[in-house]
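Trainee: have a look at this fold, sequence not included:
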C-alpha cells in the first residue's frame, strides 16, 4: 500500500505543476481539477488502510473546542444565507474542496508516502518546474491576452506559467525560493551551487511576473527570515541577503515593453482592488456584520450556469473576505486560529513559517490563502506539522 501512496503523491504533485491546464470547467462558478479526483482516492484508501488513525483524528477534532466553534459558526452563516437568499450548492463545493485538501495534509502524518525531507524536495521540484514552464511561456508566448476570452485576466509580457496568473505564480515561486534555502551543502563541497543556482533561477522568474504583491511578500518575509535566523543561530545568511539585494537592484532594469501590466507604478489594479473591497464591505446588511454573508457564498452562486469562468468571486483582501463572509465574530475566531497556526509553524519549521508569512502578506492584495493550489500547498506542508489538541 505504501507504494500506492507514493505513486498517488507523485501524481498529485505532477498535476499540481500543470496548474490550470488540468482544470475542468463545468459552469461559470463550478470547476474541479484532475488532482482533486486523486486526492479523494487518496483519502478513501487511507481510510481503508488506517481506520484507527482516522478514528483517533476524528475524536481529537470532536474534542477540540476551537474546531467545533469554527465549524459551528461557518455552518450558522451558510444556513442564514440559505434562509434569506435560497439554497446554492456552490459554498458547499468550495468547503468540500477546502476540507479534502486539509484532510490530505493531516493524513500525511500517518500515511507517510515519503520522509518529510523527501516530500520537501519534491515540492521544491514542483516549484522549479512551474518556474521552468513560466520561463518558456514568457519567451515563446509572451502575449497571453487571448485568455481574456476564456475568463482570465489579460497579460502581456508577464510570466504567468501554468497558473495563467502572474500573482499566484509569483507567490508559488516565492515560497519555493524559501524552501530552497533548506538545501544542505554536501560534505567536501566549498560552495552550494545547487542552492545558488535554484535561488537565482527563481529570483529571475519572480521578477518576470511583475507581481508587486509577490515582490513585497518576498522582501518583507525574507527580511523577517534573516532576522529570525540571526536571533536563533547568530548566523548571517549571506546568500539570501545577496539574492534580495540583486532583486532590488534588478527592478529598474526589467524590460518594459508596451502594456500596462509591466509598469510597476501602475495604479489601475490598486484602485480596482480598493473599490472591490470597499464595495464588499458597504454591501453588508446590518445582521451580516455579525454573521457575514456565509463562507464562500457568492452573488453568482444561485443562478449563473454559463460556461466561461469568472475569477473575481470574492474580495481580494483576506481580512475583508473573512469579515464579509463570517462577520466580526468569525474574523476574531479566524485571527486567533491564524495566530496559533503561525506560532506552531514558527516553533517547528522556520522555512515553512516564512513561506506562510509570505502567503499572508500576498493575501492582503489577492485572494491567495484559499486559492486551491496555495491551500493544497499549506495543507501538505503546514497541516502535516501540527497536532490537534483536545
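Mentor: Looks like it arrived, so ask away. Everything numeric here is computed off the predicted structure, so don't read it as measured data.
Trainee: hmm, residue 329 is touching residue 290, no?
Mentor: Yes: using Cβ atoms under 8 Å, residue 329 and residue 290 qualify as a contacting pair, with a distance of 6.3 Å. (C-beta placed from N, C-alpha, C; glycine too.)
Trainee: how close does residue 355 get to residue 271?
Mentor: In this structure, residue 355 lies at 29 Å from residue 271, with Cβ to Cβ, to the nearest Å as the measure.
Trainee: have a look at those two and say which one is more surrounded.
Mentor: Neighbour comparison, residue 355 and residue 271: the larger count goes to residue 355, with 26 against 10 (by other Cβ atoms under 10 Å).
Trainee: next, work out how far apart that one and residue 235 are.
Mentor: 19 Å.
Trainee: could you do residue 25 as well?
Mentor: From residue 25 across to residue 235, the span is 48 Å (Cβ to Cβ).
Trainee: so for the two, which residue has more residues nearby?
Mentor: For residue 25 against residue 235, the residue with the higher neighbour count under other Cβ under 10 Å is residue 25, and the figures read 15 against 9.
Trainee: show me the beta-bridge partners of that one.
Mentor: Using DSSP bridges, the beta-bridge partners of residue 25 come out as residue 31.
Trainee: so how far is residue 32 from it?
Mentor: In terms of Cβ to Cβ, residue 25 sits 9 Å off from residue 32.
Trainee: correct me, but residue 206 touches residue 176?
Mentor: No: counting by Cβ under 8 Å, residue 206 sits too far from residue 176 to count as a contact (9.4 Å).
Trainee: quick check: what element follows the helix or strand residue 67 falls within along the chain?
Mentor: Counting by DSSP states H and E, the secondary-structure element that holds residue 67 is helix 65-85. Per DSSP H and E, the first helix or strand lying C-terminal to helix 65-85 is helix 90-111.
Trainee: going by residue numbers, what spans are strands in this protein?
Mentor: Using DSSP state E, the strands found in the chain span residues 23-25, 31-33.
Trainee: show me the contacts for the closest residue to residue 60 other than its chain neighbours.
Mentor: In space, and not counting its chain neighbours, residue 60 is closest to residue 388: 4.4 Å by Cβ to Cβ, 6 or more residues apart in numbering. Residues in contact with residue 388, defined by Cβ atoms under 8 Å, 6 or more residues apart in numbering, are 57, 60-61, 64, 67, 106.
Trainee: quick check: PyMOL command selecting the buried ones in those residues.
Mentor: Here is the PyMOL selection string for the buried members of those, based on 16 or more other Cβ atoms under 10 Å:
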select buried, resi 57+67+106
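Trainee: chain center to the helix holding residue 67, what's the gap?
Mentor: 24 Å (Cα atoms, centre = their mean, to the nearest Å).
Trainee: now do it: which elements does it pack against?
Mentor: Applying 3 or more Cβ pairs under 8 Å, 6 or more residues apart in numbering; DSSP states H and E, we find helix 65-85 packed against helix 90-111, helix 288-291, helix 318-348.
Trainee: tell me the angle the lowest-mean-pLDDT helix or strand in the chain makes with helix 318-348.
Mentor: Each helix and strand of the chain was given a mean pLDDT (mean pLDDT, DSSP states H and E); the minimum falls on helix 268-282 at a mean of 84. Counting by axes from the mean of the first three to the mean of the last three Cα atoms, to 10 degrees, helix 268-282 lies at 100 degrees to helix 318-348.
Trainee: residues near the nearest residue to residue 168 once chain neighbours are set aside, how many?
Mentor: In space, residue 168 comes closest to residue 371 once its chain neighbours are excluded; the distance is 5.8 Å by Cβ to Cβ, 6+ apart. Using other Cβ under 10 Å as the criterion, residue 371 is surrounded by 20 other residues.
Trainee: with that, I have no additional questions.
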